[in-house]
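Peer 1: dropping a prediction and its sequence here:
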Amino acid sequence: MKKNVFLRSANLLKNSIKMSLNLDLEGVVKDLSELKGLPQKMGQMLAIDSTQLFPEEMREKFKILQKDAVAIDFSLVQKLILKELGPEKFQKIEFLDQKPIGVGSISQVHRGKIAGREVVFKVQLPNLKETIQSDVLMLKAFSALYNVARPESKDIKNMIAEAESMLMYEIQFDREVQFLEKTAQILQGEGNYFTPQVFGEFSTKRLITLEYIEGTLLSDWIKKPHTHEEILWVSQTLVDLFVLEFFKFGVVQTDPNFANFIVTKDRRVALIDFGAGKEFNAKFRRDYFQLLKAGVFEDREMIIHWGEFFGLVSRQDTDEAINLFVDFVMKSMRYFSRKYNPMDFGEEAFTSELVKLGTQLWLKQKKSDPKSDLVFLHRKASGIFHLIKDLKVKMDLSDVFDRAEKAIDEIT
């Protein structure tokens with residue numbers, strides 16, 4: 001075990017150097033995929049990074065980690081499932097496909113069959129907690145190394161901390177099942193969305209067994225040619241889902257990985273992964289809406305007030321940093337203004353301006369301490385933004401703010 005830890009640490013250090021120097025990114029992606037856990041999760045986060053501090057080439061190559069990671073050996077998968085279920089329940093599995101249909105940073109998914117029903121087994125990789133903790137120590141060296149190689153970047157230890165927090169949260173499979181069932185309940189009346197059934201008898205703290213959903217992973221769907229009407233439908237459906245999840249119900253699947261959604265032939269979207277599910281209480285949602293409202297009405301003082309409340313800005317920072325934050329919020333909220341809609345995401349001028357402004361803010365801001373829940377929420381919002389941007393769709397978002405406000409007003 002000590003040898004394995006040593007080899008893993010050496011591999012992490014080697015890839016840290018390559019990333020810092022922007023060398024052999026294909027090899028880095030492959031190694032991160034094999035390492036799983038924290039390194040792969042960081043790679044996934046880099047794929048949707050919106051700060052522009054990481055090279056575009058790096059972010060593009062890391063997108064493969066959102067779906068096509070390296071699988072672990074099937075014999076180990078069998079042993080893990082057997083260990084979780086025990087011999088008696090394991091014998092009830094009529095079929096277990098050797099080829100995985102999904103490979104993530106902490107788990108692997110295989111199709112199977114129980115009592116004639118098609119299912120999927122999401123099995124957790126072994127020794128994750130210990131591995132994550134040892135990786136954190138090594139990746140701190142990566143943080144210092146990256147800062148030397150790229151002095152324009154902020155210390156990326158915050159990204160390491162975020163990735164660690166997300167993974168420690170996601171390895172709680174029993175909590176994930178509870179969140180899935182809660183989401184299924186609140187989405188019952190919403191025809192465009194649904195969740196798979198959980199087979200509780202065949203689920204444990206390290207194994208989740210779900211019904212198999214026929215359809216196309218969103219990560220695959222976006223690679224195929226579609227009409228503008230189809231692209232508009234998918235984009236609008238995911239925006240609407242965010243409004244429902246956060247503003248109406250306060251129950252959000254915060255992982256924006258496109259492999260976490262399935263598009264079905266009957267034009268519905270299945271939510272299939274809830275490891276990063278988070279609940280946001282009524283006060284948090286009301287307060288956060290006040291920040292958005294201040295941005296829509298371009299109220300600079302209220303933007304600073306609510307931004308400081310959420311730890312996004314500090315009056316003790318430089319005037320330049322504060323002004324950049326205010327401008328970033330106001331320009332971000334233009335997406336929901338009737339004056340600027342419909343928005344053409346194929347037109348690079350506006351989105352590029354916003355990304356550039358966000359980069360300047362990231363570089364100039366010295367004092368900020370965002371509330372932890374915002375990390376998860378903004379991760380989801382950033383993922384939706386990147387999806388729509390990649391699809392280059394033209395859509396009207398002017399009613400999103402109104403629907404969000406209506407949902408907030410109806411909170412009891």
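Peer 2: Noted; the coordinates are in hand. Residues are numbered from 1 along each chain as shown.
Peer 1: what is the burial count for residue 74?
Peer 2: 15 (other C-beta atoms under 10 Å). The C-beta positions use only the backbone N, C-alpha and C, and glycine is treated the same way.
Peer 1: what about residue 129, distance to residue 171?
Peer 2: Going from residue 129 to residue 171 by C-beta to C-beta, to the nearest Å gives 7 Å.
Peer 1: these two: which has the busier surroundings?
Peer 2: residue 171 (20 against 11).
Peer 1: could you check which helix or strand contains the closest residue to residue 226 other than its chain neighbours?
Peer 2: Nearest in space to residue 226, with sequence neighbours left out and distances taken as C-beta to C-beta, 6 or more residues apart in numbering, is residue 234 at 7.9 Å. Assigned by DSSP states H and E, residue 234 belongs to helix 228-242.
Peer 1: that helix packs against which elements?
Peer 2: Helices and strands touching helix 228-242, by 3 or more C-beta pairs under 8 Å, 6 or more residues apart in numbering; DSSP states H and E, are strand 269-271, helix 372-391, strand 394-395.
Peer 1: any chance of the ones you listed in a markdown table, plus distance to residue 263 and mean pLDDT?
Peer 2: Listed next are the helices and strands packed on helix 228-242 as a markdown table, based on distance: least, C-beta to C-beta, whole Å; pLDDT from 0 to 100:
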| stretch | distance to residue 263 | mean pLDDT |
| --- | --- | --- |
| strand 269-271 | 6 | 94 |
| helix 372-391 | 12 | 85 |
| strand 394-395 | 17 | 91 |
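Peer 1: sorry, back to before: identify all contacting residues around the helix holding residue 234.
Peer 2: Here helix 228-242 makes contact (C-beta atoms under 8 Å, 6 or more residues apart in numbering) with 192-193, 218, 221-222, 226, 252, 261, 263, 267, 269, 380-381, 384, 387-388, 391, 393-395, 397, 400.
Peer 1: switch to 10 Å and redo it
Peer 2: 187, 190, 192-193, 218, 221-222, 224-227, 252-253, 256, 258, 261, 263, 267-269, 271, 345, 377, 380-381, 383-385, 387-388, 391-397, 400, 403-404 (C-beta atoms under 10 Å, 6 or more residues apart in numbering).
Peer 1: the closest residue to residue 394 other than its chain neighbours: neighbour count?
Peer 2: Nearest residue to residue 394, sequence neighbours excluded (C-beta to C-beta, 6+ apart): residue 344, at 4.6 Å. Residues lying near residue 344 (other C-beta under 10 Å) number 14.
Peer 1: sorry, back to before: from the contacts of helix 228-242, list just the buried residues.
Peer 2: 187, 193, 218, 221-222, 252-253, 256, 258, 261, 263, 268-269, 271, 345, 377, 380-381, 383-385, 387-388, 391, 393-395, 397, 400, 403-404 (16 or more other C-beta atoms under 10 Å).
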